[in-house]
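Student: following is a predicted model, sequence given first.
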Amino acid sequence: MKILLLGKNGQVGWELQRALAPLGEVIALGRENGGDLADSDSLQANVRSIAPQVIVNAAAYTAVDKAESEAELAMQINCHAPAMLAREALALGAMLLHYSTDYVFDGSGGQARSEEAAPAPLSVYGKTKLAGEEAIQSSGCLHLILRTSWVYAARGGNFAKTMLRLAAEREQLKVIADQIGAPTGAELLADLSAHMLVATLDDPALGGIYHATAAGETSWFDYAAFVIEHARTQGRPIRVRPEQLLPIPTSAYPTPAQRPLNSRLSSAKLQQNFGLYMPQWRQGVERMLTEIL
């Protein structure tokens with residue numbers, strides 16, 4: 001089986017190179033070698049030349065705040081390019097695996113949303129990701145769309161690394177406490193993807209949209225507290241004392257793009273259809289911290 005992977009240098013794309021390798025020949029592209037979603041014509045030519053049985057799109061425009069002033073580019077990368085990939089997948093009789101986000105919802109309420117919940121994005125980023133989902137769904141190609149949230153990896157920058165750096169530099173740290181979600185590891189997403197891909201090729205009825213996040217929930221504030229305390233117990237130099245880690249509301253830290261307060265996603269459909277167990281978010285974060293500390 002020939003698998004075309006786009007976004008090979010991103011957090012999820014990097015892990016996918018490992019997770020997909022046992023399934024067949026993985027042709028991994030980044031922006032630098034023919035996988036630029038901003039250049040649809042070149043990308044389309046490469047897809048046709050490679051003629052894969054599976055296209056995995058782990059590339060996206062993810063600069064949430066910058067998207068507010070670069071809406072056209074965000075729409076090209078998050079909607080128009082995936083729409084083209086879906087059309088090419090249909091023409092090739094191939095399957096498309098694509099990643100989306102909790103930002104397609106407005107973040108209201110306090111319950112975990114299912115796949116049937118009505119989207120209502122608050123930001124340009126969320127609107128472009130939703131448009132990409134809809135284009136893939138309407139294309140008629142066999143597809144899986146995995147919505148996830150709060151993605152991290154040991155490789156590259158992430159929230160935990162930022163908190164560790166700031167906690168070592170500052171005596172006081174303020175962190176948003178009213179946004180709730182589940183930190184989800186890129187490694188977990190890659191392993192889920194490989195399993196779901198094989199199962200869906202075997203049974204196309206499994207195709208569609210799925211929510212894929214680690215189990216449990218936390219706030220950015222409690223996530224930061226967990227990470228910092230773990231580092232403290234490991235003997236890392238931490239300047240900020242526990243009582244000087246302060247919770248603040250989202251309103252105290254205004255940004256160009258509005259964030260959803262409720263990022264909870266229910267993975268019940270994924271677990272039921274694929275028989276997979278979603279580990280608690282702390283397990284993955286502890287493993288990541290073990291790698292970076």
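Tutor: Arrived safely, thanks for sending.
Student: contacting residues around residue 113?
Tutor: The neighbours of residue 113, taking C-beta atoms under 8 Å, 6 or more residues apart in numbering as the test, are 102, 105, 211, 262, 264-266. (C-beta placed from N, C-alpha, C; glycine too.)
Student: now with 6 Å?
Tutor: The contact partners of residue 113, by C-beta atoms under 6 Å, 6 or more residues apart in numbering, come to 105, 265.
Student: again, but for residue 190
Tutor: By C-beta under 6 Å, 6+ apart, the neighbours of residue 190 are 15-16, 19.
Student: in PyMOL, how would I select the buried members of those?
Tutor: Buried residues among the contacts of residue 190 (16 or more other C-beta atoms under 10 Å), as a PyMOL selection:
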select buried, resi 15+16+19
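Student: save the contacts of residue 190 as JSON lines, and put in pLDDT, secondary structure and distance to residue 61 too.
Tutor: Putting the contacts of residue 190 into JSON lines (pLDDT from 0 to 100; DSSP: H, G, I helix; E, B strand; the rest coil; distance: C-beta to C-beta, whole Å) gives the following:
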{"residue": "15", "pLDDT": "96", "secondary structure": "helix", "distance to residue 61": "20"}
{"residue": "16", "pLDDT": "97", "secondary structure": "helix", "distance to residue 61": "18"}
{"residue": "19", "pLDDT": "97", "secondary structure": "helix", "distance to residue 61": "23"}
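Student: and what about residue 154, helix, strand or coil?
Tutor: coil (DSSP: H, G, I helix; E, B strand; the rest coil).
Student: what is the burial count for it?
Tutor: A count of neighbours around residue 154, defined by other C-beta atoms under 10 Å, yields 19.
Student: that one against residue 289, yeah?
Tutor: No: the criterion here is C-beta atoms under 6 Å, and residue 154 misses it with residue 289 at 8.6 Å.
Student: buried set for stretch 216-229?
Tutor: Neighbour-count burial for stretch 216-229 [16+ other C-beta under 10 Å]: 217-221, 223-228.
Student: closest to residue 258 among those?
Tutor: Lowest distance from residue 258 to these (C-beta to C-beta) belongs to residue 220, with 15.4 Å.
Student: tell me how far the closest one lies from residue 160.
Tutor: For residue 220, the distance to residue 160 equals 11 Å [C-beta to C-beta, to the nearest Å].
Student: and if you look at residue 23?
Tutor: On the measure of C-beta to C-beta, residue 23 and residue 160 end up 30 Å apart.
Student: those two: who's more crowded?
Tutor: Per other C-beta under 10 Å, whichever of residue 23 and residue 160 has more neighbours is residue 160, with 23 against 15.
Student: mind listing the residues bridging to residue 26?
Tutor: Counting by DSSP bridges, residue 26 is bridged to residue 3.
Student: pretty sure it contacts residue 20?
Tutor: Yes: the pair residue 26 and residue 20 qualifies as a contact (C-beta under 6 Å) at a distance of 4.9 Å.
Student: any residues in contact with both of those two?
Tutor: Common neighbours of residue 26 and residue 20 (C-beta under 6 Å, 6+ apart) are residue 3.
Student: just for the stretch 151-293 of the chain, where's the confidence low?
Tutor: For the stretch 151-293 of the chain, no stretch has pLDDT under 70.
Student: can you give me the helices in it?
Tutor: 159-169, 186-202, 220-233, 268-274, 281-292 (DSSP state H, counting those that start in this stretch).
Student: ranges for the strands of the protein?
Tutor: Applying DSSP state E to the chain gives strands spanning 2-6, 25-29, 54-57, 95-101, 142-148, 151-152, 173-176, 180-181, 184-185, 208-211, 218-219, 245-248.
Student: reformat the ones you listed as a markdown table; add distance to residue 128.
Tutor: As requested, the strands of the chain are arranged in a markdown table below (distance: least, C-beta to C-beta, whole Å):
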| stretch | distance to residue 128 |
| --- | --- |
| strand 2-6 | 16 |
| strand 25-29 | 21 |
| strand 54-57 | 14 |
| strand 95-101 | 10 |
| strand 142-148 | 14 |
| strand 151-152 | 17 |
| strand 173-176 | 24 |
| strand 180-181 | 20 |
| strand 184-185 | 21 |
| strand 208-211 | 16 |
| strand 218-219 | 26 |
| strand 245-248 | 29 |
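Student: figure out which of these is closest to residue 284.
Tutor: strand 184-185 (3.8 Å).
Student: pull up the pairing partners for the closest one, direction included.
Tutor: Per DSSP bridges, strand 184-185 is paired in its sheet with strand 151-152 (parallel).
Student: check the offset of the strand it pairs with from the chain's centre.
Tutor: 7 Å (C-alpha atoms, centre = their mean, to the nearest Å).
Student: who touches that strand?
Tutor: Contacts for strand 151-152 (C-beta under 6 Å, 6+ apart): 11, 158, 183-184, 186.
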